[in-house]
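Student: sequence plus the predicted model coming up.
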Amino acid sequence: MAKTDIGPPDYKTMLPPVIERNYGKWLYHEILKPGLLMHVSESGEALYSVRAGSPRLVSTDHIREICDIAEKYCNGYLRFTSRHNIEFLLDDRDQVEPLIAELKDRGYPVGGTGHAVTNVVHTQGWVHCHTPATDASGPVKALMDEIYDYFVTMKLPNHVRISLACCLNMCGAVHCSDIAILGIHRTAPKTDNARVPNVCEIPSTVASCPTGAIRGDMKNKTLTVNEEKCMYCGNCYTVCPAMPIADPDNDGISIWVGGKVSNARSAPMFSKLAIPFLPNNPPRWPEVVTAVKNILEVYASHARKHERIGEWIERVGWERFFSLTGIPFTDQHIDDFDLATETFRTSAQFKWR
Amino acid sequence: MTKPETPLLDELEKGKWPSFVKDLKQAARKNPMSEDLLGQLELSYKDKIGHWKHGGIVGVKGYGSGVIGRYSDRPDLFPHVQAFHTMRVNHPTGWFYKTDTLRKLCDVWDKHGSGLTNMHGSTGDVILLGTTTEHLQPCFNDLSDAGFDLGGSGSALRTPSACVGPARCEWACIDSLDLCYNLTLTYQDQMHRPMFPYKFKIKISACANDCVAAIARSDLSIIGTWKDAIQIDQKEVAAYAASINIQKEICDLCPTRCMEWNGKELKIADEDCTRCMHCINLMPKALRPGKEKGASILVGGKAPIVRGALLSWVIVPFIKLSPPYDELKSLIERIQDWWDEHGRSRERLGELIQRLGMRVFLKAVDLPAVPQMVKAPRTNPYVFFWPEDLNKEVK
């Protein structure tokens, strides 16, 4: 019988000796160049971290290749970042350049540090999820191919966190990202009356709807959806498998901007709707890639140094965000859920140019 | 086996960014499950729809979480992914690895599963992507022998995660790694046997830069901060003046304008500082967090489902944190008890507080109201009073 509840391996056994010696004693760090951090300790010792991009969906053979590289240059010590980058950890400065050269040779993008686009946090999509409105790995790959240069350089006003969630469940919690790519449905679920009695609990399905659009039909032991009230969140489908909501012709992607989680300068904020809908066009989602790149580049050329996308928009105003990016403003941009009125303008202050 | 034709996915092998399709194909060469996954994904690219069925309860002995059931809706075409379950494996805190550990993980997964993984999933776990029902228990046994355990799923405590903390960051105000590992070990039962109204997430960032996005996506967010003055090394400030426009980039961007620079010396009105980290981020050699370090505790953060996304709310502006973290654990348990007692099915902590009121929550968990909890006091006159507040003023 296998042991249970042992918890994860103790992280202390995974730390390189240079970290063990200097744990909690780091004095400062410098970004020596894109993808290369140097942390210096009170003791004078330095730790070099070389950061490389990853598709996040990786095979065991790919992990073994990463291990080979880490063993060759870093005595087998590495870590992953909260945004799915790989970091090779070493204290021998002489090994840094050969490591970077080998990574580049093998096709690893080295970067994602400082004022850059770093790896895109994303979800499972069509690869392994039962509720997606779009794929995750595909749009991310297509986008990163196009904005690759912003990963391997540090020429943006500040860092830009891009995230993708393939439905409103948001496993990726993308709602506080500089740019969020969010899969959405646009049509109400279709109740499968024959299956409801076998696989669903009527009261809990009714209760799952945030807008009260679902009613129980006790006589026929099924559920009805008021399509005017449904805003396609898909929560009912999570509770009741007999209410499929995916719709190949109408599912797609929305784009959100200006969120952040860091407290630097401005408080953490949510991302706000920029583009209500773009179509799912696999394999390369050209409309999504173009839209995100446009927002990124308009930001890059208009924001002041150190401004995050949300801070830049707050300074120039939302009307100028829409005019500068050329994104049309629609009635979908005006909130009509709970607390909607908090976003309505209650002043006579406008920008016209 | 005939190789699946994948003209759409093949397009995504092109381009500079590392391709997940290469990894899928790498695994498909060795494993029929991954080969069928590739085929099914190509079908999704053609049909613009997912081909996975709704859940299904599967697991390993003694656990109610850690395994996510997954079944293909086209087993006729892709029999090897008829059952293709996910295992969530609790990552080493801070995502630090020695390669021998990683290699063991790879060996177990090649033996029992598809050979595909996510390094890592959104909650922080290693995601082992796809195996059959029969392989779940043997896979778990081998993982356990290799020193690994499952993470949380369903209505349970989800795998806690933490930033890199004092292992590599000069800004760490708390030992995020030790705290995360300690809580993970303490609450194994809550992680592995779902017993709550819904999921509960704990995330720990050792400073206000919040590298694990604790404030946005955890029911209980722990964020390092300090109380006393920023430590200044004036010599290093002067040295930064060569590469940074201190007036423009530091003083003018300080949200409270609490800094003055006269070309020689940087003065900080510490009573006005809100500890946002901007100046420290820009001049790490010259400025450091103060010495009186601790954390802020916030609750309620979540993604939109069901009643809208929430950022966590401050409930304890400052608490000192050191092992064995008894004060924090007592607070966590008071919070979870209240939520467990009053929460409806699939109601997150933040939504319960919205429904019953922060006032009721604070009283239940025995925390005093302090001004740091609000952006501003209320603007409406609909004020509740406790019965014990009444009649006291009458003479």
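Tutor: In hand now; what should we look at? Numbering: from 1, shown residues only, chains lettered A, B, ... in the order given.
Student: what's the burial count for B:Met283?
Tutor: By other Cβ atoms under 10 Å in any protein chain shown, the residues close to B:Met283 number 24. Every C-beta, even on glycine, is put in place using the N, C-alpha and C of the backbone.
Student: unless I'm mixing things up, it is touching B:Ala239, no?
Tutor: No - contact criterion Cβ atoms under 8 Å: B:Met283 and B:Ala239 do not qualify, at 9.1 Å.
Student: mind listing the helices for the stretch 51-200 of chain B?
Tutor: Listed from the start of the chain, the stretch 51-200 of chain B has helices (DSSP state H, counting those that start in this stretch) covering B:99-112, B:133-145, B:176-186, B:188-192.
Student: so can I have CSV of those helices showing distance to B:Gly263?
Tutor: Output for the helices of the stretch 51-200 of chain B, formatted as CSV (distance: least, Cβ to Cβ, whole Å):
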stretch, distance to B:Gly263
helix B:99-112, 50
helix B:133-145, 60
helix B:176-186, 38
helix B:188-192, 55
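Student: okay, B:Ala303 and chain A: tell me how far apart.
Tutor: Remark: distance between B:Ala303 and chain A (Cβ to the nearest Cβ, to the nearest Å) = 4 Å.
Student: now that residue: how far from A:Val257?
Tutor: Going from B:Ala303 to A:Val257 by Cβ to Cβ, to the nearest Å gives 17 Å.
Student: look at the two and report which has more neighbours.
Tutor: Ranked by neighbour count (other Cβ under 10 Å), B:Ala303 and A:Val257 place A:Val257 first, with 25 against 21.
Student: who is the more buried one paired with across the strands?
Tutor: A:Ile179, A:Lys272 (DSSP bridges).
Student: do B:Leu128 as well
Tutor: Going by DSSP bridges, B:Leu128 forms beta bridges with B:Met87, B:Thr117.
Student: deepest of the helices of the stretch 51-200 of chain B, which one?
Tutor: helix B:176-186 (a mean of 23; mean count of other Cβ atoms under 10 Å in any protein chain shown).
Student: does anything pack onto it? Which helices or strands?
Tutor: Contact analysis of helix B:176-186 by 3 or more Cβ pairs under 8 Å, 6 or more residues apart in numbering or on different chains; DSSP states H and E lists strand B:161-162, strand B:202-205, strand B:220-226, helix B:326-342 as its packing neighbours.
Student: which residues of the chain score low on pLDDT?
Tutor: If you meant another chain, say so; for now it's chain A. Scanning chain A for pLDDT under 70 picks out no residues.
Student: could you do chain B instead?
Tutor: Residue ranges of chain B with pLDDT under 70: B:1-2.
Student: 50 - rerun?
Tutor: Low-confidence segments of chain B (pLDDT under 50): B:1.
Student: which residues does the residue nearest the centre of it bridge with?
Tutor: Geometric centre of chain B, nearest residue: B:Lys203, 4.5 Å, by Cα atoms, centre = their mean. Counting by DSSP bridges, B:Lys203 is bridged to B:Ser161, B:Ser221.
Student: would you format the helices and strands packed on helix B:176-186 as CSV with distance to B:Ser144 included?
Tutor: Output for the helices and strands packed on helix B:176-186, formatted as CSV (distance: least, Cβ to Cβ, whole Å):
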stretch, distance to B:Ser144
strand B:161-162, 21
strand B:202-205, 23
strand B:220-226, 28
helix B:326-342, 26
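Student: pick the most deeply packed of those.
Tutor: With neighbours defined as mean count of other Cβ under 10 Å, these peak in mean count at strand B:161-162, which reaches a mean of 30.
Student: residue contacts, residue 273?
Tutor: Picking chain A for this. By Cβ atoms under 8 Å, 6 or more residues apart in numbering or on different chains, the contact set of A:Leu273 is A:Ser254, A:Ile255, A:Trp256, A:Gln332, A:His333.
Student: right idea, wrong chain: chain B
Tutor: B:Ala229, B:Ile230, B:Thr256, B:Cys258.
Student: those residues, buried ones only, as a ChimeraX selection?
Tutor: This is how ChimeraX selects the buried members of the contacts of B:Cys273, with burial counted by 16 or more other Cβ atoms under 10 Å in any protein chain shown:
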select /B:230,258
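Student: mind picking the two most distant members of the contacts of B:Cys273?
Tutor: B:Ala229 and B:Thr256 (13.9 Å; Cβ to Cβ).
Student: just checking, the residue nearest to the centre of chain B touches B:Ser221?
Tutor: Yes - counting by Cβ under 8 Å, B:Ser221 is a contact partner of B:Lys203 at 6.0 Å.
Student: in contact with the closest residue in space to B:Ser122 that isn't next to it in sequence, which residues?
Tutor: The shortest distance from B:Ser122 to any non-neighbouring residue, by Cβ to Cβ, 6 or more residues apart in numbering or on different chains, is to A:Cys171 (4.5 Å). Applying Cβ under 8 Å, 6+ apart, one finds that A:Cys171 lies in contact with A:Thr123, A:Gln124, A:Ala165, B:Gly121, B:Ser122, B:Thr123.
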